[in-house]
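[1] Build the 3D model from these lines:
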Amino acid sequence: MLYLLYYFSYYMIDLILVLAVIVLFIKTSGLGRRANKLQNELISLKAQGLQQAVPVPSVVQPAAPVMYGDRLQPTAPILVQNIVTPVSAPAQESEFMMWLKENPLLKVGILMILVGFGWFVNYAFSHNWIGPVGRITLGVFAGTVVTLVGTTRLGKNETQGNALTILGTALVIITILAGQYFFDFFSSYMVLGITFMVSLYTSLTSVAYSSKRLAVYGMLMALLAPVLAGTVDIEPIALYAYLLVVSIAGIWMSIVRNWREVGSLGITGVFLYSLAVVFDGGPLQGDYAVLFMVYIISILYLVIGVFSLIQNKVKAEAGDAYLTIVNTLVILGFTLNVVPDVYQSLVVALWMLVYAFSGFLVFIKTKKEQLFYVHALVSVLLLAIATSLELKGQTLVIAFAIESALIAMAAYVVTGKIAIARSFAILTAVPVLMTLPSFSSNSWNNSIIFHSDFAVLVIVGAVLGVLGLFYKLNRTGQAGDPSNVHQIMLVGSSIYVYALIWLCSHSIIGFNDTAVFVSLFIYTIVGLSTHFYGLFNQHDALKKYGMVILILVVARLVLVDVWNMDLVLRVVTFIVLGVMFMSSAFISKNQKANVIQN
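    Presented below is the predicted three-dimensional model:
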């Protein structure tokens, strides 16, 4: 990299020569281009005149008479209109070819003069006729001229303006870097300041001329400035103060022109500079000044995320999710590695409230439930992290279960839409999965049933049941409404009840056939009761649910218990359950008879 900069600074005149040719060509072609513009307008007007159909008077032609019986019957005259075929306009030449044909001798003469002058200056550089100061001055001057020309061209030709502005500013930055690395003309802070001023000029120009590409380039240069200037290892407070200034400039551009890319690029730069802190803690542990500055940057980018979602009400793009995710990673990285352990859960909880409020604000302003999820899900994640920092083991499982139900209910209270509340039912999958070890815990081997695993299963099952009833009571009942969510939650709750019956009976009675008989007997009563309740009240879901329980009981008996039970208990079990199934058949028959009579 250093050798490239050296050769660039040493032979810069070759590049300056080309740039000068471009600049002079643009300047000398101004009058010709205006003439060409007038010529193009004249050709366009002629083409429009030729393409318009000229109305031609219709010609009346008499129609031939028609025989009607033994007489000639005259017919109405026929109107014949002449059709004019439009003549297509001649194909226009490209602007470059028209510019090239205009006064070519002048352009060739200018080019020859510039080439000769370039060779002269190159020779002067080779023989040290122009010293380092002259080289740096010439490079900065050439870059400044090209930048100004590019700025003036932005209002007329955006492509040319962008190219020249980017090229000119790059010349200035590379020249300054060459002066730092090879001639020690500039300190690292001077290079950082000059690079930032160049990027600031580029950013202001991009906003003035609505050039997004120029804005992205300016933000990229500003973020790379500490690396190019060699100031990455400066005091962290100085580095993040610089990133704060750059972030403010980028956020201002994002708000004024609604450029999401600028905000995404800015938070990416902050994240990359913070990798050591996010994943390791780095040297910033306990540095509250830097922490405070990073929190300010995160709040600013959070504001940008909210503004973007409100401004673009149709949908949330990938850039919005990316900005939110990266900003959250920065917040969590600094909180978990810089904030003392005793305050981490409190700080994470505060950020959870901030994201919850931002999600609520987006929904209030847009009334779009899809946009509500962008920040609401981050709020849920932060709540889970804050809870896990404070609680462990079964207590954490219980807390997650209660929080998942409260989040779903709060979503309905805030938005007034049960569909949003139902979408948060997926959060209950986390505590449900965490309860799996409680089903096979060694705590059930004792005769005592009231222990932590019992409490976990009871509370998680109760949460699922309450949430299922909440969804059932608040469902809309409209066509296409996915109201089966409440049924899934209620079935899940009943599974926990059946598991508790099985585990408690085996824990009290012992792991023997009697406990199996008691459990299956209770399951049979529940299945029959549910089946007949659904049958009597024309509730197909309950009727099928009861039948599924009975089928599972029979399957358990036939496939497992018939081979393990003692003969006496096997006889008792099959006779008792058989009588119950037979009685249900008579009840079902009487019910059908009553329905037919009615």
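
[2] okay, CA-based contacts and neighbour counts for the rest of this
    Fine.

[3] In the stretch 201-350 of the chain, where is pLDDT below threshold?
    280-286, 313-317 (pLDDT under 70).

[4] What count of nearby residues applies to Asn446?
    Neighbour count for Asn446, taken as other CA atoms under 10 Å: 11.

[5] To clarify, my last question referred to Phe450.
    Phe450: 11 surrounding residues under other CA under 10 Å.

[6] How about Tyr240?
    21.

[7] Can you check the pLDDT for Trp502?
    If you check Trp502, the pLDDT there is 89.

[8] Could you do Leu177 as well?
    The model's pLDDT for Leu177 equals 80.

[9] and what of Gly30?
    pLDDT, Gly30: 45.

[10] let's have the chain start at 35 instead
    Understood, numbering begins at 35; the last thing we discussed is Gly64.

[11] what's the spacing between stretch 399-417 and its chain's center?
    12 Å (CA atoms, centre = their mean, to the nearest Å).

[12] Please save the CA atoms from that stretch in CSV.
    Listed next in CSV are the C-alpha coordinates belonging to stretch 399-417 (Å, rounded to 0.1, in the frame of the first residue of the first chain):
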residue,chain,number,x,y,z
LYS,A,399,-48.1,6.1,13.6
THR,A,400,-48.5,3.5,10.9
LYS,A,401,-51.2,1.1,12.1
LYS,A,402,-49.1,-1.7,10.5
GLU,A,403,-48.7,-4.7,12.7
GLN,A,404,-45.8,-6.0,10.6
LEU,A,405,-43.8,-2.9,11.5
PHE,A,406,-44.6,-3.4,15.1
TYR,A,407,-42.6,-6.6,15.2
VAL,A,408,-39.3,-5.0,14.2
HIS,A,409,-38.7,-3.4,17.6
ALA,A,410,-41.2,-5.4,19.7
LEU,A,411,-39.3,-8.6,19.1
VAL,A,412,-36.0,-6.9,20.2
SER,A,413,-37.8,-5.8,23.3
VAL,A,414,-38.8,-9.4,24.0
LEU,A,415,-35.3,-10.5,23.5
LEU,A,416,-33.9,-7.9,25.9
LEU,A,417,-36.5,-8.9,28.5
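
[13] I would like the residues contacting it, please.
    With contacts defined as CA atoms under 8 Å, 6 or more residues apart in numbering, stretch 399-417 is touched by 343-344, 347-350, 354-355, 358-359, 362, 382-383, 385-390, 392-394, 396-397, 441, 454.

[14] mind listing what's buried in that stretch?
    If you call a residue buried by 16 or more other CA atoms under 10 Å, then stretch 399-417 has these buried ones: 400, 402-403, 405-414, 416-417.

[15] Run through the residues that contact Tyr530.
    With CA under 8 Å, 6+ apart, Tyr530 has these contacts: 491-492, 495.

[16] So which of these belong to helices?
    Using DSSP state H, the members of the contacts of Tyr530 that fall in helices are 491-492, 495.

[17] any chance of these in JSON lines, plus neighbour count, pLDDT and distance to Gly227?
    Formatted as JSON lines, these follow (neighbours: other CA atoms under 10 Å; pLDDT from 0 to 100; distance: CA to CA, whole Å):
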{"residue": "Leu491", "neighbour count": "24", "pLDDT": "94", "distance to Gly227": "62"}
{"residue": "Val492", "neighbour count": "17", "pLDDT": "94", "distance to Gly227": "64"}
{"residue": "Gly495", "neighbour count": "24", "pLDDT": "94", "distance to Gly227": "62"}
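
[18] OK, contacts around Ala204?
    Gly177.

[19] now the one helix or strand it maps to, how far from the centre of its chain.
    Assigned by DSSP states H and E, Ala204 belongs to helix 192-217. Distance of helix 192-217 from its chain centroid, counting by CA atoms, centre = their mean, is 34 Å.

[20] Can you list the buried residues in that helix?
    192, 194-215.

[21] Report how many residues lie close to the spatially closest residue to Ile285 that is not a sequence neighbour.
    The spatially closest residue to Ile285, leaving aside those adjacent along the chain, is Gly297, at 6.1 Å (CA to CA, 6 or more residues apart in numbering). Residues contacting Gly297 under the criterion other CA under 10 Å number 30.

[22] likewise Arg169?
    Residues lying near Arg169 (other CA under 10 Å) number 19.

[23] Assess the claim that Ser379 and Met386 are in contact.
    No. The criterion here is CA atoms under 8 Å, and Ser379 misses it with Met386 at 10.3 Å.

[24] Next step: the buried residues of stretch 399-417 restricted to helices.
    Per DSSP H, the subset of the buried residues of stretch 399-417 in helices is 400, 403, 405-414, 416-417.

[25] Quick check: Gly526 vs Phe458, distance?
    For Gly526, the distance to Phe458 equals 16 Å [CA to CA, to the nearest Å].

[26] ok, now Trp536?
    From Trp536 over to Phe458 (counting by CA to CA), the distance is 30 Å.

[27] Tell me, what's the model's pLDDT at Phe391?
    As predicted, Phe391 sits at a pLDDT of 91.

[28] Could you do Phe175 as well?
    pLDDT, read off for Phe175, is 84.

[29] Tell me how many other residues surround it.
    17.

[30] can you pull the contacts of it?
    Counted by CA under 8 Å, 6+ apart, Phe175 has zero contacts.

[31] Over stretch 445-454, what's the mean pLDDT, rounded is fine.
    For stretch 445-454, mean pLDDT rounds to 85.

[32] how far out from the middle of the chain is it?
    On CA atoms, centre = their mean, the centre of stretch 445-454 falls 22 Å from the chain's centre.
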